[in-house]
Every structure is written in structure tokens, then in C-alpha cells.
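Participant: Requesting a structural model of the entry that follows:
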Amino acid sequence: MILLWLELILMLLVILAAAELFTNALEHLGERLGISEGVTGSLFAAVGTALPETMVPVIAIFAGTQNLQLNHDIGVGAILGAPLMLSTLSTALMALSVLKLRGLRGTIAPERTGFVRDMNFFLVAFAIAAGAMYVPAEMQAVRIGLSVLLVGLYVLYIVLTFRASNSLVDAGHGTEAEEPIFLAKFGFKENLFTISLQLVLALLLLIGGAKGFINGVEGISATLGISALVLSLLIIPIATELPEKVNSILWVRRGKDTLAFGNITGAMVFQGTLLPALGILLTPWQPQPEVMSGIVITLIAATWLRLNARAGGSYIAALLVNGGLYLCYLGYVLL
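Facilitator: Residues are numbered from 1 along each chain as shown. Predicted coordinates:
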């Protein structure tokens, strides 16, 4: 047990270091390409740091254990647990990290049009994914249609996000790097190759660190006797969402609110469209109590974020409410 805890601490340090490298490289990439913070945060950062948790359900479904039911439980739990974690705990931790600096009446103020677009797409997509749970497995054509619809929504989201980029850059929302590229400290010249190299190295470290963290969490959970479904809904997302949490905390503490929030909301859109599309097609995708309660909490949390999308930003106090929603879900599942 001690070795497992040591592994968790070591992997957490790896993730923290990788997140610092990743955000540094991504800021330089966005600045060099002349794109908005919305594209950098909601697409590049969100998809990049979503890779570790995306791998969990994919591996569970396609190359899991001989126990098909166990594979499906882990896959469904990981698919739905990620948006739950992002909309509640990740958002609250980001707000908590600047509570002392900004106060309860302070705000986190991402560029509003991109933030609203992210939340609208997520709410529509996740509601479709929830409704698909009530479509019988024998109605395969309907399930395929819903999966295609979810994929189509994400493609449309990408198009609209890129389309808005130029005007946002002109309005002063372009991505700007504050510090030199990290590899420059080792004699590398700052260019697109160096930026890409650091980005790849950081992603590999993020994925490796998250994978090691998952292994440690799974070992501890097995020792404590936690079920596969609860594990995949609660424990695995906590581990795999660490890159998003750390990146958003780093950015919001530097005053880069659009990057910080976009990193979370963009990942929500990614994981609320493509991964449920996979789950609808390849798992039973049925409305179990633990699953549906998580979906309800996620939709409440996302709706609350959307309602608080004010021109001046969302109040820190309002964002901390999302952390309370996560505690409510914990109480329901564990008690």
C-alpha cells in the first residue's frame, strides 16, 4: 500500500511538470499561428489534455478483460465520469485556486461568446447522450443515428470555433506567450519545430503520468473493495482529469481566464460528443441509477455555468457551487 501511495505522488509530480511544459508550448504555438485564446484553450489544450482519460474507455471497450460486463462498466463510467468531473470538481478547483487573490465576489471572465458556445454545444450533446440511454439496444439504427449526430455536432463546433478566431484576435483575444519556450534553456532556437517537439514531449509525459496514476488508483481501489462502476465514475476521472485541472489553475492564476475556462469547457464538448457516440454504439448504454444520477448532476452543473455566463465573468462564489454539486453526487453514490 505504501508503494502505491508513493507511485501516486511520483506520477502527480510528473503530471505537474508535464502540464507546465504543455501550457508553455501551447501558448507559443497559438501565438505563432495567430489564433485566438478560444481556439488554443477549447480545441488544442482541451483535446490534447483529454487524451489520457479518452484512452481509458477506449481501451476498456476494445481491449479490456475477458469480463465483457466489467469492460462495459469501466467504459461507460469513464465516458460519463469525465464531464461530471470537469463541470463540478475541476471548475471548483480552478475557482478555489484564485479565491484568495480575487475573493468570493471576484470573477473569472473568459471571452463570453466562446464560453457560451462551448456550454450550449455541451448541453445539447449531453442531453442527446442521456436520452440515448432509453433507446432499446435492438433499435440499432436509431442508436447509430444518434452517434452520427453527436460526431456531427463536434465537427460543427470545430468549424464555428475556428471561424470566430480571426475576429477575436483582432479584438485583442489572441494567444500570447509570457515566457520563452522552455527548450530554449537547453540551447534550442525558438521555432515551430521546437514548439512542436516540446508539445509532443509534454503530451507523452501527461499520458504516461496519468497512466501511472491510474494504475496506482486502481490498486488502492481494489484494496479498498470499490466496484468497477464506482471506480470508473469517481476515481479514474479524478486521476485522468489532472492535466485539465493543473493547466486551468496555471492559466487562471496568470490572468488567462479564457485559456483556463476553455481548457475545461472545450474538453467537456469533446467528451460530451465523441466518447458518448462510442458508448452508444459499443456498450449497452443503459440508465443505471449511479449513471443517471451522475448525468443529472452534470447537466445541473453545466446549466449553472451557462446561467452564470455574464459579460463581466462568473463569480467565484457561483463556481464554488459546482464543487458542492460534486459532493452531493459523492454522498449519493457512497452512502
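Participant: helices and strands of this protein: which one has the lowest mean pLDDT?
Facilitator: helix 228-230 (a mean of 64; mean pLDDT, DSSP states H and E).
Participant: Test my guess that residue 190 contacts residue 27.
Facilitator: No. With contact defined as C-beta atoms under 8 Å, residue 190 does not reach residue 27; the gap is 12.0 Å. C-beta: built from backbone N, CA, C; applies to glycine.
Participant: Compare neighbour counts for those two and give me the winner.
Facilitator: Comparing residue 190 with residue 27 by other C-beta atoms under 10 Å, the one with more neighbours is residue 27, at 24 against 15.
Participant: Skip the chain neighbours and tell me the closest residue to the more buried one.
Facilitator: residue 177 (3.9 Å; C-beta to C-beta, 6 or more residues apart in numbering).
Participant: what about the one you found, which SS state?
Facilitator: Per DSSP: H, G, I helix; E, B strand; the rest coil, the secondary structure class of residue 177 is coil.
Participant: going forward, begin numbering at 46 instead of 1
Facilitator: Renumbered: residue one is now 46, and that last one reads residue 222.
Participant: ok, how many other residues are close to it?
Facilitator: The local packing of residue 222 (other C-beta under 10 Å) involves 18 other residues.
Participant: just residue 58 next, same as before
Facilitator: 11.
Participant: Check the one 4 residues further on too.
Facilitator: The burial metric for residue 62, expressed as a neighbour count using other C-beta under 10 Å, is 15.
Participant: distance of residue 89 from residue 192?
Facilitator: Distance from residue 89 to residue 192, counting by C-beta to C-beta, to the nearest Å: 25 Å.
Participant: Kindly apply the preceding question to residue 83 instead.
Facilitator: In this view, residue 83 and residue 192 are 27 Å apart by C-beta to C-beta.
Participant: before we move on, what about residue 180?
Facilitator: 11 Å.
Participant: Name the residue in those two with the higher neighbour count.
Facilitator: More crowded of residue 180 and residue 192, by other C-beta under 10 Å: residue 192, with 23 against 16.
Participant: Just the C-alpha atoms of the helix or strand where that one lies, please, in CSV.
Facilitator: In this assignment (DSSP states H and E), residue 192 forms part of helix 185-208. What follows is helix 185-208, C-alpha atoms only, in CSV (Å, rounded to 0.1, in the frame of the first residue of the first chain):
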residue,chain,number,x,y,z
GLN,A,185,-29.7,-0.1,-33.6
ALA,A,186,-30.5,2.2,-36.5
VAL,A,187,-31.7,4.9,-34.0
ARG,A,188,-28.5,4.4,-31.9
ILE,A,189,-26.3,4.8,-35.0
GLY,A,190,-28.2,7.9,-36.0
LEU,A,191,-27.7,9.5,-32.5
SER,A,192,-24.0,8.6,-32.6
VAL,A,193,-23.6,10.2,-36.0
LEU,A,194,-25.4,13.3,-34.8
LEU,A,195,-23.0,13.6,-31.8
VAL,A,196,-20.0,13.4,-34.1
GLY,A,197,-21.6,15.9,-36.5
LEU,A,198,-22.1,18.3,-33.6
TYR,A,199,-18.4,18.2,-32.7
VAL,A,200,-17.4,18.8,-36.3
LEU,A,201,-19.8,21.8,-36.4
TYR,A,202,-18.3,23.1,-33.1
ILE,A,203,-14.8,22.9,-34.5
VAL,A,204,-15.8,24.9,-37.6
LEU,A,205,-17.6,27.6,-35.6
THR,A,206,-14.7,27.9,-33.1
PHE,A,207,-12.1,28.4,-35.9
ARG,A,208,-14.4,30.7,-37.8
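Participant: Contacts for that helix, please.
Facilitator: 80, 83-84, 87-88, 159, 162, 166, 169-170, 173-174, 176-177, 180, 182, 314-315, 318-319, 321-323, 325-326, 330 (C-beta atoms under 8 Å, 6 or more residues apart in numbering).
Participant: mind redoing it with 7 Å?
Facilitator: Where contact means C-beta atoms under 7 Å, 6 or more residues apart in numbering, the residues beyond helix 185-208 that reach it are 83-84, 87-88, 162, 166, 169-170, 173-174, 177, 180, 314-315, 318-319, 321-322, 325-326.
Participant: Noted, bye for now.
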